[in-house]
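Asker: Here is a sequence with its predicted model. Questions after.
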Protein chains: 2
Amino acid sequence: MTAKNAFYAQSGGVTAVINASACGVIETARQHPDKIANVYAGRNGIIGALTEDLIDTSQESEDAIAALRYTPSGAFGSCRYKLKSLEANKREYERLIEVFKAHDIGYFFYNGGGDSADTCFKVSQLSETMGFPVQAIHVPKTVDNDLPITDNCPGFGSVAKYIATSALEASFDVRSMAKTSTKIFVLEVMGRHAGWIAAAGGLIEDHGMPVAVLFPEIEFDQDRFLAKVKAMVDAHDFCTIVVSEGAKYPDGRFLAEQGTRDAFGHAQLGGAAPVVANLVKEALGYKFHWAVADYLQRAARHLASKTDVEQAYATGRAAVELALTGENAIMPTIDRVSSDPYQWQVGKAPLSEVANVEKFMPREFITDDGFGITAACKSYLLPLIQGEDYPPFENGLPRFVTLKNTAVEKRLDAFEL
Amino acid sequence: MTAKNAFYAQSGGVTAVINASACGVIETARQHPDKIANVYAGRNGIIGALTEDLIDTSQESEDAIAALRYTPSGAFGSCRYKLKSLEANKREYERLIEVFKAHDIGYFFYNGGGDSADTCFKVSQLSETMGFPVQAIHVPKTVDNDLPITDNCPGFGSVAKYIATSALEASFDVRSMAKTSTKIFVLEVMGRHAGWIAAAGGLIEDHGMPVAVLFPEIEFDQDRFLAKVKAMVDAHDFCTIVVSEGAKYPDGRFLAEQGTRDAFGHAQLGGAAPVVANLVKEALGYKFHWAVADYLQRAARHLASKTDVEQAYATGRAAVELALTGENAIMPTIDRVSSDPYQWQVGKAPLSEVANVEKFMPREFITDDGFGITAACKSYLLPLIQGEDYPPFENGLPRFVTLKNTAVEKRLDAFEL
């Protein structure tokens, strides 16, 4: 068997550790030059494959590739672009085959979440549907932690560690201020559909901090929420509220959608945190502060979970190893062997069962009152935030790598997306 | 000379390192039992002195006091409470003397910013104005970095490091997403009057990131700002915007004040970041993300600047040492000896020249176009963010200390604020 080239690309929202998976893929591929000649990265995800915009990773030094392990973001660019079905857009699939043939690509590694798994699954079917042999392996990645089958998703542990640490630090702060000033602190976190990230905020309860969590999975009940906040402030003189961007009213509207207009009548985009803060202020009169972490949380490589970094690397490495054993249409998973002590191993799941399936917080992970996390949830979460893995700092700031990203010479005509 | 007790309290907004100053005060005082019998901390700042709500720090172990060095927030509680003038409220000054006498307090250490320096200055005048001998030393603290005379303020370096790191990480993120999704990232930072914190965001320019900074010191010129953003996106396909909460329109209105109303006609509190993001979206059509760091930035002990921690500790220690040499009505300062290599020493400034004076960004620290920082500003800022000083982590989260805060027995009648 002659060596084939591999295609690797990053898709969807990037994370603090998706580049650690890239590092795992490329370093492992380089150990098998007899089977994988070169790794071509897609510039901006699948778009790079469609437009033949390929990056020659062999031009990057060993040191540069190693530095991906501690560099947040997607080093080759990501995209939000989902392949349509074969029936709806056969032209795109024909183009992929054309590009794969032109560059002798036999392996397709796609690094992303649920939507991206769908793209990867469609590519994995090319041998069957279009008669072109390519092995497609999905590398899991999502801060939302909502992929099925795998116990958790690379990217999530680091966000969870960041949110729990930040909520803890801010709770110390507001506790100091509560006597004459701020009594409530509201932190808005990511997770439009699933409350995994918000749940991490609930961990600070065991550090003595009164906290209420607003999950997307639980309908927002304003009266019960205000009663909860009042009870916490009565008991502690302060409290912290962690609200998911996906928290919703019973009628399905997001808390963030207030239908507000600016002075010119334009719709005003807000955020759930200021809405919740103002609600409490109006009902209970407490002075508040609020923060919206947004990209800071998913880019915060400076506070990555060591466990998360190791799992991101391991799934990248496993993807290549699985491909070399002839697998197709699968995703390496993280399988939990035990929680205490935490032990895990890499398993695998068929993409047909992964694509487009979302995993929500189980109800038994949320306390009966809907505002906290249970012991079961804590023993699920805590292993995922274990360990620190600081990037190197230079002159006061992290020393991240920006790759050369040298383009592979094009051999085909241009393609309009 | 018999030993007297010392009073120590924390005032105003807390920081990631104000407890490092507390640590410096208490550890140093403990080394001089012949002169300082005990350190009584005010619960919630000067309010603790007025209400005789004193904390007996001798009840705290050496380890607990040492742990203050890496614990953010104000361990004894802070307050926003400014003493009126002697003429306006003589009753408060009489009460302070009553409390100081009852607890044999001869030293007054107040840890805060400009307003707090005013309170400390008033206390320092008690021997002259009211015939009661007490030495009052102010320990500088403010994330806003706006105290005069001192080269910089403890608390600022850590926020600057956090903001520069976070802006850098988020810039890597948005750069990855720009092809098909987010092109601009807006980060709102603290600093209502002075743009020091916003300036730190400008440091990422030297890491290859296109960035515009909106300072409170520079009137917001919408057309020039939009032209700047467009030029950056044309050149790089993305950009980052760091906006101070204090950024203002030419008519003096804050950007954050949009006069928006919710569905019930209530005034809506926003934030400068969403305003700027929406402005760019409407004018230029770029997809955006925005974050408001709020308390996260000033509580982020997990990413403190080592230089800042050392200076916070050193000014606390110096306050005690200055008191023991008989000083009154002064503040230890950080004096820069050289920038490269960075060398500093502790000096002192009279409180009469510190109280109520704000230090703004000098115009020569801001680029001509008003959207960036100059080389002079960079060489001012960079030394202050040098070095990392991670707190210990346990089970995935920082191990901060919560003191026992045992109350000193009251000897006086209650006092109404």
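Answerer: Structure's in. What do you need?
Asker: hang on, isn't A:Val174 packed against A:Thr240?
Answerer: Yes: using Cβ atoms under 8 Å, A:Val174 is in contact with A:Thr240, at 6.7 Å. In this view, the C-beta of every residue, glycine as well, is placed from N, C-alpha and C.
Asker: Check the contact lists of these two and give me the overlap.
Answerer: Overlap of the contact sets of A:Val174 and A:Thr240 (by Cβ atoms under 8 Å, 6 or more residues apart in numbering or on different chains) consists of A:Ile184, A:Phe185.
Asker: where does the stretch 301-417 of chain A come near chain B, residue by residue?
Answerer: Residues of the stretch 301-417 of chain A found near chain B (Cβ under 8 Å from any Cβ of the partner chain) are A:301-303, A:305, A:382, A:385-388, A:390, A:393, A:395-398, A:400, A:402.
Asker: Of those, keep whichever come out buried.
Answerer: A:301-303, A:305, A:382, A:385-388, A:390, A:393, A:396-398, A:400 (16 or more other Cβ atoms under 10 Å in any protein chain shown).
Asker: Can you say which two of those residues are spatially most distant?
Answerer: Within those, A:Leu382 and A:Gly396 form the most distant pair, 31.6 Å apart (Cβ to Cβ).
Asker: Where is the longest helix in chain A?
Answerer: Secondary structure of chain A read by DSSP state H shows that its longest helix is helix A:156-177.
Asker: other SSEs contacting the worst-scoring helix or strand of chain A on mean pLDDT?
Answerer: Of all helical and strand segments in chain A, the minimum by mean pLDDT, DSSP states H and E falls on helix A:126-130, at a mean of 87. The contact analysis (3 or more Cβ pairs under 8 Å, 6 or more residues apart in numbering or on different chains; DSSP states H and E) places helix A:126-130 against helix A:90-102.
Asker: Number of residues surrounding A:Lys4?
Answerer: Using other Cβ atoms under 10 Å in any protein chain shown, A:Lys4 is surrounded by 20 other residues.
Asker: show me what contacts it?
Answerer: A:Lys35, A:Ile36, A:Ala37, A:Asp104, A:Ile105, A:Gly106, A:Tyr107.
Asker: and the closest residue to the second one other than its chain neighbours, which of the three is it?
Answerer: Read that as A:Ile36. Leaving aside its chain neighbours, A:Ile36 sits nearest to A:Ala29 (4.3 Å; criterion: Cβ to Cβ, 6 or more residues apart in numbering or on different chains). Three-state call for A:Ala29 (DSSP: H, G, I helix; E, B strand; the rest coil): helix.
Asker: quick revisit: what does the average pLDDT come to for the longest helix of chain A?
Answerer: On average, the pLDDT along helix A:156-177 is 98.
Asker: That helix and chain B, any residue contact?
Answerer: Yes: interface with chain B: helix A:156-177 contributes A:161, A:164-166, A:168-170, A:172-177 (Cβ under 8 Å from any Cβ).
Asker: So which of these wins on neighbours?
Answerer: A:Lys161 leads these on contacts (other Cβ under 10 Å) with 32 neighbours.
Asker: OK, contacts around the closest residue to that residue other than its chain neighbours?
Answerer: Excluding the flanking residues, the one nearest A:Lys161 by Cβ to Cβ, 6+ apart is A:Ile385, at 3.9 Å. For A:Ile385, the contact set (Cβ under 8 Å, 6+ apart) comprises A:Gly157, A:Ala160, A:Lys161, A:Ala164, A:Ala200, A:Leu203, A:Ser305, A:Thr307, A:Asp308, B:Gly396, B:Leu397.
Asker: Could you tell me the per-residue confidence at the most far-flung residue of chain A relative to its centre?
Answerer: Largest separation from the mean C-alpha position in chain A: A:Thr180, at 38.9 Å (Cα atoms, centre = their mean). With respect to pLDDT, A:Thr180 scores 91.
Asker: Distance check, it against B:Trp196.
Answerer: 25 Å (Cβ to Cβ, to the nearest Å).
Asker: Ok, A:Arg175 next?
Answerer: 26 Å.
Asker: Also A:Arg411?
Answerer: 53 Å.
Asker: So for stretch A:41-58, first residue to last residue, what's the gap.
Answerer: Distance across stretch A:41-58, first residue to last, is 10 Å (Cα to Cα, to the nearest Å).
Asker: Averaged pLDDT, that stretch. What do you get?
Answerer: 98.
Asker: repeat for stretch A:333-353
Answerer: Averaged across stretch A:333-353, pLDDT comes to 97.
Asker: all strands for the stretch 251-400 of chain A, in order.
Answerer: For the stretch 251-400 of chain A, strands defined by DSSP state E, counting those that start in this stretch occupy the ranges A:288-292, A:330-339, A:342-350, A:393-394, A:397-398.
Asker: quick one: the closest residue to A:Asp294 other than its chain neighbours and A:Glu282, what's the gap?
Answerer: Once flanking residues are discounted, A:Asp294 sits nearest to B:Ala291: 3.8 Å by Cβ to Cβ, 6+ apart. Distance, B:Ala291 to A:Glu282, using Cβ to Cβ: 25 Å.
Asker: now swap in A:Glu52 and tell me
Answerer: 56 Å.
Asker: quick one: which of those two has more around it?
Answerer: Between A:Glu52 and A:Glu282, counted using other Cβ under 10 Å, A:Glu52 has the larger neighbour count: 22 against 12.
Asker: Next one: that one from A:Ile46, what distance?
Answerer: Taking Cβ to Cβ, one finds A:Glu52 at 12 Å from A:Ile46.
Asker: ditto for A:Asn395
Answerer: 37 Å.
Asker: cool, A:Lys248 as well?
Answerer: 31 Å.
Asker: same question, A:Pro332
Answerer: From A:Pro332 to A:Ile46 the distance is 20 Å (Cβ to Cβ).
Asker: before we move on, what about A:Glu217?
Answerer: 31 Å.
Asker: who's more crowded, the two?
Answerer: Comparing A:Glu217 with A:Ile46 by other Cβ under 10 Å, the one with more neighbours is A:Ile46, at 27 against 22.
Asker: The more buried one: what's it in contact with?
Answerer: By Cβ under 8 Å, 6+ apart, the contact set of A:Ile46 is A:Ala9, A:Ser11, A:Cys79, A:Tyr81, A:Leu83, A:Tyr110, A:Thr119.
Asker: again, only this time at 10 Å
Answerer: Applying Cβ atoms under 10 Å, 6 or more residues apart in numbering or on different chains, one finds that A:Ile46 lies in contact with A:7, A:9-11, A:78-79, A:81-83, A:92, A:96, A:108, A:110, A:112, A:116, A:119-120, A:122-123.
Asker: hang on, the earlier thing: between the contacts of A:Ile385, which is closest to B:Val346?
Answerer: Distances from B:Val346 to those, taken by Cβ to Cβ, are shortest for B:Leu397, at 33.5 Å.
Asker: give me the beta-bridge partners of that closest one?
Answerer: B:Glu394 (DSSP bridges).
Asker: so it sits right up against A:Phe172, yeah?
Answerer: No: contact status for B:Leu397 versus A:Phe172: not in contact, 11.8 Å apart, counting by Cβ atoms under 10 Å.
Asker: which secondary structure element contains A:Phe109?
Answerer: Here A:Phe109, judged by DSSP states H and E, is contained in strand A:105-112.
Asker: on contacts alone, who are the packing partners of that strand?
Answerer: strand A:4-10, helix A:18-30, strand A:36-42, helix A:46-50, helix A:90-102, helix A:114-124, strand A:135-140, helix A:306-324 (3 or more Cβ pairs under 10 Å, 6 or more residues apart in numbering or on different chains; DSSP states H and E).
Asker: Now the fifth one - C-alpha only, CSV.
Answerer: By that I understand helix A:90-102. Written as CSV, here are the backbone C-alpha positions of helix A:90-102 (Å, rounded to 0.1, in the frame of the first residue of the first chain):
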residue,chain,number,x,y,z
LYS,A,90,-24.4,16.7,-5.6
ARG,A,91,-22.0,19.3,-7.1
GLU,A,92,-20.3,19.8,-3.7
TYR,A,93,-19.6,16.1,-3.3
GLU,A,94,-18.3,15.8,-6.8
ARG,A,95,-16.0,18.7,-6.1
LEU,A,96,-14.7,17.1,-2.9
ILE,A,97,-13.8,13.9,-4.8
GLU,A,98,-12.1,16.0,-7.5
VAL,A,99,-10.0,17.7,-4.9
PHE,A,100,-9.3,14.5,-3.0
LYS,A,101,-8.2,12.9,-6.2
ALA,A,102,-6.0,15.8,-7.3
